[in-house]
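Chemist: Sequence and predicted structure, then a few things I'm wondering about:
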Amino acid sequence: MGPILDQLTILWNNSDALLKGLEVTLELGFSFFALGFVLAILIALGIVYGPKYMSSAFSGFSWIFRSLPAIILLFIFYYGPSKVGVNISPFWAAMLALGLRHAGYQTHYFRGAIQSIGTGQLEAARSLGLSLPRSLFEVILPQMLRFSLPASANEYAITIKDTSLAFSIGVVEILQQGNYIIAREYNPLTIYITIAIIYWIITRAGTRFFAYLENRYMVPGFELER
Amino acid sequence: MGFLNYAWEILPTLAVGVKFTMIITAASMGLAAVIAVLVALGKMYGPKPVQAFCSFYIELFRGTPLLVQLFIIYYGLPEVGLNFTSLIAAIVGFGLNSGAYQAEYLRGAIQSIKKGQLQAARSVGMSFLESLRTIVLPQAFRRVIPSWSNDVIYTLKYTSVAFMIGAQELTSVGKILAGRFFRFTDTFIVVGVIYLILVYIFSKSVDKLEKTLRIPGFEMRE
């Protein structure tokens, strides 16, 4: 039991650093997720209801951000702005890169959800005299958000873990704090397993939350047919 | 030196990286396919302890970041006497990770095939394994192609983190070049375009594969 107790002591002594890292990880995770989510709503509406040029431009945007590796986006967003004289903090670069990438994926699900609603509803809303923005936001959007919840939950589970990549451009999140501890104590196995468990909890807590939302906002009789 | 000249200059060196990116992707996908079949079947038809193990495996690898998994394999396991080169660690890591995702896709595909087919195969005298191999799996494999290809693309892009454990793939070569010429943005734009091309070629070939393997009348209903 000796070695395990030693490791637990090291963990206990370094818990402050890990918690500080966790805070940054959660901050980054929430902000990039929120950014991606809001952008994706606008992009998806633009793709389905916008004029042709807007639709293809937005689809192209979504494809590029889905097809580039996250790490390359991080590098481009971190090194790119300094090329034109703008200094960007690692945190902001990570938030923008991961947020836009998330928007690319999420757009895909929103678009699918919009298309499953059917065009009749929009026509009906318009013929009752609602303006286009009002019919989009009051008729289409509430259904789109509901229908896309399962896919969004899945996407959350995949993308939230990508916050771990941000340390490569210098964001001191939980993995980087872990690396600092490892540099002092040389115990990679303990630290990385601890971080893995923390990430597992974040992932599970998030998917639980989405399941709760799905239940809470379900309109009986309006479920998607499976 | 202009951007295009620079891109042209670094292209031959980046090609070496592309080679290793392809090797890592292909090898880990081979490993993942084997794992996926075993784990999916184990979770569905295995005895209770095997089912529990397979569920645990899937939960473990889908619930934690791939990068942390790679770090555990490459930096953590030597503590208990398991040493891998960075290339092998990358292949094992991506294979184990992708295997967990693919096992779930495959399980979904197997479940989408009506139970009656397995029962019919059994009742005409086929053994359980035989009916799986000749009746259920050939259909399940066809249905799993779209989600499988998504996962291959995901892995292809994600091999870009292998540089963090020292594997020499496209991104790591790009990083070295960027440092040497001190042109970070330009280099990563070139590297990004190469990834876009790889992803595009791959998804087009999978579409073709799907069409070639399609059996008329047995398409998945959307």
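Modeler: Sure thing, it's come through. Numbers count the residues shown, from 1 in each chain, chains lettered A, B, ... in the order given.

Chemist: Count the residues that sit near B:Gly30.
Modeler: B:Gly30 has 12 neighbouring residues, counting by other CB atoms under 10 Å in any protein chain shown. Every residue, glycine included, has its C-beta placed from N, CA and C.

Chemist: so it is in which element?
Modeler: Secondary structure from DSSP states H and E places B:Gly30 in helix B:3-45.

Chemist: distance between that helix and the chain's centre?
Modeler: Computed by CA atoms, centre = their mean, to the nearest Å, the chain-centroid distance of helix B:3-45 equals 8 Å.

Chemist: what ranges do the helices span in chain A?
Modeler: Secondary structure of chain A by DSSP state H: the helices cover A:2-13, A:15-49, A:52-67, A:70-83, A:90-117, A:119-127, A:132-135, A:141-147, A:149-159, A:174-185, A:188-216.

Chemist: In TSV: the ones you listed, plus mean neighbour count and mean pLDDT.
Modeler: Below are the helices of chain A laid out as TSV (neighbours: other CB atoms under 10 Å in any protein chain shown; pLDDT from 0 to 100):
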stretch	mean neighbour count	mean pLDDT
helix A:2-13	11	83
helix A:15-49	19	93
helix A:52-67	15	93
helix A:70-83	22	92
helix A:90-117	22	92
helix A:119-127	13	88
helix A:132-135	13	88
helix A:141-147	18	88
helix A:149-159	18	87
helix A:174-185	19	91
helix A:188-216	17	91
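
Chemist: Tell me which of these sits nearest to B:Val144.
Modeler: For the helices of chain A, distance to B:Val144 was read as CB to CB. The smallest value, 16.5 Å, belongs to helix A:149-159.

Chemist: helices and strands around that closest one, which ones?
Modeler: helix A:15-49, helix A:90-117, helix A:188-216 (3 or more CB pairs under 8 Å, 6 or more residues apart in numbering or on different chains; DSSP states H and E).

Chemist: For stretch B:69-86, list every residue counted as buried.
Modeler: If you call a residue buried by 16 or more other CB atoms under 10 Å in any protein chain shown, then stretch B:69-86 has these buried ones: B:69-77, B:84, B:86.

Chemist: and that stretch, does that touch chain A?
Modeler: Yes - interface with chain A: stretch B:69-86 contributes B:69, B:71-72, B:75-77, B:79-80 (CB under 8 Å from any CB of the partner chain).

Chemist: Next one: the spatially most central residue of chain A from chain B, what distance?
Modeler: Using CA atoms, centre = their mean, the residue of chain A that lies closest to the mean C-alpha position is A:Phe33, 3.3 Å off. Applying CB to the nearest CB, to the nearest Å, the value for A:Phe33 to chain B is 15 Å.

Chemist: Can you verify my assumption that that residue contacts A:Tyr156?
Modeler: Yes - between A:Phe33 and A:Tyr156 there is a contact under CB atoms under 8 Å: 6.9 Å.

Chemist: Run through the helices of chain B in chain order.
Modeler: Using DSSP H, helices in chain B cover B:3-45, B:48-63, B:66-71, B:86-111, B:115-123, B:128-131, B:137-158, B:170-181, B:184-213.

Chemist: out of those helices, nearest to A:Tyr109?
Modeler: A:Tyr109 lies closest to helix B:137-158 among these, at 13.1 Å (CB to CB).

Chemist: contact partners of the closest one?
Modeler: With contacts defined as CB atoms under 8 Å, 6 or more residues apart in numbering or on different chains, helix B:137-158 is touched by A:67-70, B:21, B:25, B:28-29, B:32, B:37, B:66, B:94, B:97-98, B:101-102, B:105-106, B:108-110, B:112-113, B:117, B:195, B:198-199, B:202-203, B:206, B:209-210, B:213-215, B:218, B:220.

Chemist: what does chain B put close to chain A?
Modeler: Contact residues (CB under 8 Å from any CB) of chain B with chain A: B:59-60, B:62-69, B:71-72, B:75-77, B:79-80, B:153, B:157-158, B:160-161, B:164, B:171, B:178, B:184-185, B:188-189, B:191-192, B:195-196, B:199-200.

Chemist: What subset of the residues you listed is buried?
Modeler: Among the residues of chain B next to chain A, those classed as buried by 16+ other CB under 10 Å are B:62-69, B:71-72, B:75-77, B:153, B:157-158, B:160-161, B:164, B:171, B:178, B:184-185, B:188-189, B:191-192, B:195-196, B:199.

Chemist: what does chain A have sitting close to chain B?
Modeler: A:64, A:67-73, A:75-76, A:79-80, A:83, A:157, A:161-165, A:168, A:175, A:182, A:187-189, A:192-193, A:195-197, A:199-200, A:203-204.

Chemist: Columns pLDDT on top of the buried residues of stretch B:69-86, output as JSON lines?
Modeler: Below are those laid out as JSON lines (pLDDT from 0 to 100):
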{"residue": "B:Gln69", "pLDDT": "94"}
{"residue": "B:Leu70", "pLDDT": "94"}
{"residue": "B:Phe71", "pLDDT": "94"}
{"residue": "B:Ile72", "pLDDT": "94"}
{"residue": "B:Ile73", "pLDDT": "94"}
{"residue": "B:Tyr74", "pLDDT": "94"}
{"residue": "B:Tyr75", "pLDDT": "92"}
{"residue": "B:Gly76", "pLDDT": "91"}
{"residue": "B:Leu77", "pLDDT": "91"}
{"residue": "B:Phe84", "pLDDT": "91"}
{"residue": "B:Ser86", "pLDDT": "92"}
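
Chemist: Closest to A:Val24 out of these?
Modeler: Of those, the one sitting nearest to A:Val24 (CB to CB) turns out to be B:Phe71, at 18.0 Å.
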